[in-house]
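S.K.: Need the 3D shape of this:
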Amino acid sequence: MDTRSLFTTVPATAAESVQRSRTVDRVVRGIATSDGAGVKLTRVLTQNLQRRLDPFLMLDAFGTDSKDDYVGGFPDHPHRGFETITYMLAGRMRHRDSAGNEGLLQNGGAQWMVAGAGVVHSEMPEQEDGRMEGFQLWLNLPAADKMTAPWYRDMPSAEIPTVALGNGGTVRVLAGASHGVAGAVTRPVTEPLYLDVLLPAGQAFTQALPAGHNAFVYVYQGEVSIGDGDDRAVVEPQRMGVLDNAGTADGVVVRADADARFLLIAGKPLNEPIAQYGPFVMNTQEQIYQTLADFRDGRFATIAAGSGA
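M.R.: Residues are numbered from 1 along each chain as shown. Presented below is the predicted three-dimensional model:
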């Protein structure tokens, strides 16, 4: 499905000046797996990359035309201590959670959920045929905010700014800012940048990046080259290019070797301990033990209600 017809574009209001591009530190191939009630997906960012790509904890990519690969969905399951960003390229998914939120995620839209002190939610398909495709990204919360009240926002496609580039490309700005256009969401502390870029073959995309931020590119259509001159590296489809952290680089230059679509994601690292047990991400094992006890005793809702915004 070509989702471009769902986007309302706005012109870029400023150029992204990049004097020296970051290069690719490594190329990562995702791991085929399943989650929820048997939903087939590719886990691109895994636990062994959490320190390297801090503050990001996980990236899953899913895309299939077979209902058997997604129809089971993700029944009720808990989270604590981080944020989830689900971006749907194609398909329909219903969200419900224990904080009383409900929304329908569909073509070109996204949802941003802060699990905070604890929430139980479900994400269930509202289709039995056709294509379902998208991504889920996990973004860590700083220690001071892990027990904040859960928060949720639906972002229909029309609410996500889509910037028309001068070379025929577009960039959808889910979070952060690009080419002078602010994204749908701005988050403190981790300062995430989340872009979905469409680029015609032979064209280039530039994006300024703070030197201290960790960043990666995930190519889901076509093929791109990243960097300048002899440092240029190719990233093939269904691969993630982890960008280096050279202090002399002020951004990244991505060139489309074929018509391409890719995610560019960056954020400010927390540099805090990570203790993870499945859907719970805290800073210490003691906090994980407390989380398990709270969930077992049905205390997520009461703790969240009293934790403040």
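S.K.: Could you use CA atoms for every contact and neighbour count after this?
M.R.: Will do.
S.K.: Let's test this: mean pLDDT of the helix or strand containing Ala293, rounded?
M.R.: Using DSSP states H and E, Ala293 sits within helix 285-296. For helix 285-296, mean pLDDT is 97.
S.K.: Let the chain start at 18 from now.
M.R.: Fine by me, first position is 18 from now on; the one you just mentioned is helix 302-313.
S.K.: and that helix, which residues are buried?
M.R.: For helix 302-313, the neighbour count (16 or more other Cα atoms under 10 Å) marks 305, 308, 311-312 as buried.
S.K.: what stretches of this protein score poorly on pLDDT?
M.R.: Across the chain, the ranges flagged by pLDDT under 70 are 18-23, 318-326.
S.K.: mind putting the buried residues of helix 302-313 in CSV, distance to Pro173 included?
M.R.: What follows is the buried residues of helix 302-313, written out as CSV (distance: Cα to Cα, whole Å):
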residue, distance to Pro173
Ile305, 34
Thr308, 33
Asp311, 34
Phe312, 31
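S.K.: before we move on, back to that, give me the contacts around the helix holding Ala310.
M.R.: Residues from elsewhere that reach helix 302-313 (Cα atoms under 8 Å, 6 or more residues apart in numbering): 97, 292-294, 297-299, 317.
S.K.: now it: how far from the chain's centre is it?
M.R.: With Cα atoms, centre = their mean, to the nearest Å as the basis, helix 302-313 stands 26 Å off its chain's centre.
S.K.: Kindly format the C-alpha coordinates of it as PDB.
M.R.: Only the C-alpha atoms of helix 302-313 are listed here, as PDB (Å, rounded to 0.1, in the frame of the first residue of the first chain):
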ATOM      1  CA  GLN A 302      16.700  -5.500  40.500                       C
ATOM      2  CA  GLU A 303      15.100  -4.400  43.700                       C
ATOM      3  CA  GLN A 304      12.700  -2.200  41.700                       C
ATOM      4  CA  ILE A 305      12.000  -5.100  39.400                       C
ATOM      5  CA  TYR A 306      11.000  -7.300  42.400                       C
ATOM      6  CA  GLN A 307       8.800  -4.500  43.600                       C
ATOM      7  CA  THR A 308       7.200  -4.200  40.200                       C
ATOM      8  CA  LEU A 309       6.500  -7.900  40.000                       C
ATOM      9  CA  ALA A 310       4.800  -7.700  43.500                       C
ATOM     10  CA  ASP A 311       2.800  -4.600  42.500                       C
ATOM     11  CA  PHE A 312       1.600  -6.300  39.300                       C
ATOM     12  CA  ARG A 313       0.800  -9.600  41.100                       C
END
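S.K.: OK, contacts around the residue nearest to Gly147 when sequence neighbours are not counted?
M.R.: Using Cα to Cα, 6 or more residues apart in numbering and skipping residues adjacent in sequence, the residue nearest Gly147 is Asp82, 5.6 Å away. Neighbouring residues of Asp82 by Cα under 8 Å, 6+ apart: 146-149.
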